[in-house]
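Colleague: Following is a predicted model, sequence given first.
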Amino acid sequence: MKNGKISESVLKRSVLKQLHTVNEDVILKPGVGEDCAIVKTSGSTMAALSAQSVTLDIKDTHALARFSVYSAINNLASSGARPTGIMVTFLLPTLSNEAQLRETMKEIDKVCAGEGISVLGGHTQVTRAVKNIILNITAFGITNEIAPSRAVKPGMDIIAAGYAGLAGTSLIAVEREEELNSRFSKAFIDKAEQYLEDISAIQAAESAKGAGAVAMHDVAEGGIFGALWDMAEASKCGMDIDLKKIPVKQETIEICEFFDINPYKLISQGCLIIAAFDGSRIVREINRSGTNAVIIGTATESNDRVLISGEEKRFLETAQTDEIYKIFK
C-alpha cells in the first residue's frame, strides 16, 4: 500500500465492513469523513474522542508538537465539541535522545496551555520498530450538539474557513528551509514558517456552530479536495465548488510551484469545510472572530462533485495521497 492514509476503498472494505458491534450509547459511528466518535454520557452531554498519528519525519520539536496536537483537537472542534484534554503516546527510535523527548513534551504543554486543555496521560516507548518519532494524540472533549460531516443537505452553502494548504506550507518551510533559500527571501520563508501559529480551528468552529452550521469537517491530510470529497461522500450528496474561491495564501502557491505539488491536495490543519443553509451568516461570524471565511459552493442533489473554474468544469476525484509525502519521504 502507498505511504499515507489508506484509500477510501480499502477503508470501506477492510476496516469499516469489519465493524459489527452496536452500542446504543454511541451517537456518531465510524465512517468516511467522520474523524470523531461521539458517545452519550449523561443528560444532553456527549463525549467526543479523536485519535491522530503523526508519522512525518518532523525534526523541529515546536513544529512537531503544534502540528500533532492540532491534528487531534481540530477534529473535535469540527464535530462541534470543545476540547478538554489529550493523551500522548510517543514511539521513539533507539537513536533518539532524551533532549528530543523533553523539548517536544515542553512544546506540547505550551500548545495545551494556550488552548486551556490538559495532558491527561499517555505512554512513552523506545522501539526498534520505528526510524523516526511517531506521535499519537488522542483528544477528548464534550458537547451538547454535534455538526457531523454526514449532515450536509442539498441546497446548503459550502464554506471554507481558513486557508488551503497552510499547515503543509509551514511544515515545508520549516523542514526544507535550505532548499527554499535558493529561490525565496528570508522574509518570505519566515512568513511561511509562522503560519504554523495559525492552525487552530477551534474559534472558527465555535463561531460557525453558534451561527447555525449543520455540518463541519476539518481539512487535514488529503487537503481541501480530500475534505470536500469526504464530506460529500459521508452525506451522499453532490457539490458544485468554485475553484477560484477556495482561499489559499500566495506563499502556499509559490512553495507548491517550487516543489511541483498541488496546494489543494496539501495537508491543511486549521482549515474547515462548513455546510449551512445561511452561509452568509456563517461567513460574517467567522470573519468577526478574526478568521477568513468564504462561500465556495453549494451542495446538490446529484452525486457529482464538480470543480468549476470559469468555463471549465471537472469532477473531483476520490481522496488521494497527500502531497506532503512527496516532500517528507
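Modeller: Good, I have the coordinates.
Colleague: average model confidence for stretch 233-248?
Modeller: The average pLDDT for stretch 233-248 rounds to 95.
Colleague: Pull out the buried residues from it.
Modeller: Within stretch 233-248, the residues scored as buried using 16 or more other CB atoms under 10 Å are 233-235, 237-243, 246-248. In short, each C-beta sits where N, CA and C put it, glycine included.
Colleague: same thing with stretch 63-72?
Modeller: Buried residues in stretch 63-72 (16+ other CB under 10 Å): 63-72.
Colleague: likewise stretch 144-155?
Modeller: For stretch 144-155, using 16+ other CB under 10 Å, the buried residues are 146-152.
Colleague: Ramachandran coordinates for the residue minimising distance to the centre of the chain?
Modeller: Here the mean C-alpha position of the chain is nearest to the C-alpha of Ala220 (CA atoms, centre = their mean), at a distance of 2.7 Å. Backbone geometry at Ala220, expressed as degrees, to the nearest 10, gives phi -130, psi -120.
Colleague: ranges for the helices of the stretch 51-200 of the chain?
Modeller: 61-79, 98-115, 166-175, 177-180, 186-194 (DSSP state H, counting those that start in this stretch).
Colleague: In a markdown table: the ones you listed, plus distance to Leu307.
Modeller: Formatted as a markdown table, the helices of the stretch 51-200 of the chain follow (distance: least, CB to CB, whole Å):
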| stretch | distance to Leu307 |
| --- | --- |
| helix 61-79 | 22 |
| helix 98-115 | 34 |
| helix 166-175 | 20 |
| helix 177-180 | 29 |
| helix 186-194 | 26 |
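Colleague: closest one to Arg281 among these?
Modeller: helix 61-79 (18.3 Å; CB to CB).
Colleague: Could you check how many residues crowd around the residue lying closest to Val126 once chain neighbours are set aside?
Modeller: Spatial nearest neighbour of Val126, excluding adjacent residues (CB to CB, 6 or more residues apart in numbering): Leu92 at 4.7 Å. If you count neighbours by other CB atoms under 10 Å, Leu92 ends up with 20.
Colleague: Go ahead and confirm Arg288 touches Ser207.
Modeller: Yes. Look at Arg288 against Ser207 with CB atoms under 8 Å: they come within range, at 7.2 Å.
Colleague: These two: who's more crowded?
Modeller: Shown here are Arg288 and Ser207; by other CB under 10 Å, Ser207 has more neighbours (23 against 11).
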